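K.L.:
need a structure here:
(2 chains)
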Amino acid sequence: MKNNIRVERAIKKITQQDLADLCGVSRQTINAIETERFVPSTVLALKIARVFSKTVNDLFILEND
Amino acid sequence: MKRKRILLPHKFQVIGWGLFSLAFMLLLFILFRYEWSTSHEHTFLPIVDQYSRYVTFVLLVLAYASAFFVAFSEEKQEDELVREIRFSSVTLVAAVLFALLVLFSLLAALAQGFQLNFLTNRSYIVMHWISNILFAFFLYVIVFRVRLFIIKRRSKHEE
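P.N.:
Take a look at the predicted model:
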């Protein structure tokens, strides 16, 4: 599953640590999501989407297997 | 959404590392003191020597208890990534140990069939270790810690 978190973060000019603090997770978790090593839970995906005022579908793109 | 807490608070991890280091060093000390004393035909610390069996037993219990604290306490920031690594480490250790158990059972059976006593005995020793719950417990601790270390190291610098 791809995501646009890094792009949205650059637009909003916030660091991984800022986003992590806003979502209540560690910076490593944000890094792992951005680098597609970890797929977040629905709750965390919704929290991230809320920070950027976007929908989950705007941030996460489901790829065809 | 409130999550049910099944792990010990993070402070137990700090206490656990401290106690484990202490117990481990004292156990090493007792082991080497014993070897030294048997090779030099005299002992030092006679009080410890007299009760060394009890001291060793108490230290072993301390080491196990502290390792339990380390293994089953929360990280400083226990989020879903850590939970995922924790859960997949348990699964990984269980799968590897089960596969090894099957492999060595086959090896033992084959070795017995071909009357390779040396190999049969070795296989049984390995099987005994694999099926030991403490071995699985320590393996889980190592696998979880190493994987957590790798994740933290990979994301050391913000990309």
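K.L.:
CA only for contacts and neighbour counts going forward, please
P.N.:
Fine.
K.L.:
pretty sure B:R86 contacts B:R145?
P.N.:
No. Applying Cα atoms under 8 Å as the test, B:R86 and B:R145 come out as separate, 9.1 Å apart.
K.L.:
let me see the mean pLDDT of the lengthiest helix in chain B.
P.N.:
Looking across chain B with DSSP state H, the single longest helix is helix B:80-113. Helix B:80-113 shows an average pLDDT of 92 in the prediction.
K.L.:
one more: stretch A:16-27?
P.N.:
For stretch A:16-27, the mean per-residue pLDDT is 95.
K.L.:
can you check stretch A:53-64 too?
P.N.:
Rounded mean pLDDT across stretch A:53-64 is 91.
K.L.:
restrict it to CA atoms and write it as CSV.
P.N.:
C-alpha atoms of stretch A:53-64 as CSV (Å, rounded to 0.1, in the frame of the first residue of the first chain):
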residue,chain,number,x,y,z
SER,A,53,-7.5,17.5,6.8
LYS,A,54,-7.7,14.8,4.2
THR,A,55,-9.6,11.5,3.8
VAL,A,56,-7.8,8.2,4.3
ASN,A,57,-8.3,7.5,0.6
ASP,A,58,-6.4,10.7,-0.3
LEU,A,59,-3.4,9.6,1.7
PHE,A,60,-3.3,5.8,1.2
ILE,A,61,-3.5,4.1,-2.2
LEU,A,62,-4.3,0.5,-2.4
GLU,A,63,-2.2,-1.2,-5.1
ASN,A,64,-3.3,-4.1,-7.3
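K.L.:
what's that stretch in contact with?
P.N.:
With Cα atoms under 8 Å, 6 or more residues apart in numbering or on different chains as the test, stretch A:53-64 has contacts from A:M1, A:K2, A:N3, A:N4, A:I5, A:A45, A:L46, A:A49.
K.L.:
pipe those residues into a markdown table and attach distance to B:Y124 and pLDDT per row.
P.N.:
Listed next are those as a markdown table, based on distance: Cα to Cα, whole Å; pLDDT from 0 to 100:
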| residue | distance to B:Y124 | pLDDT |
| --- | --- | --- |
| A:M1 | 45 | 87 |
| A:K2 | 48 | 91 |
| A:N3 | 50 | 93 |
| A:N4 | 53 | 94 |
| A:I5 | 52 | 95 |
| A:A45 | 49 | 96 |
| A:L46 | 52 | 97 |
| A:A49 | 55 | 96 |
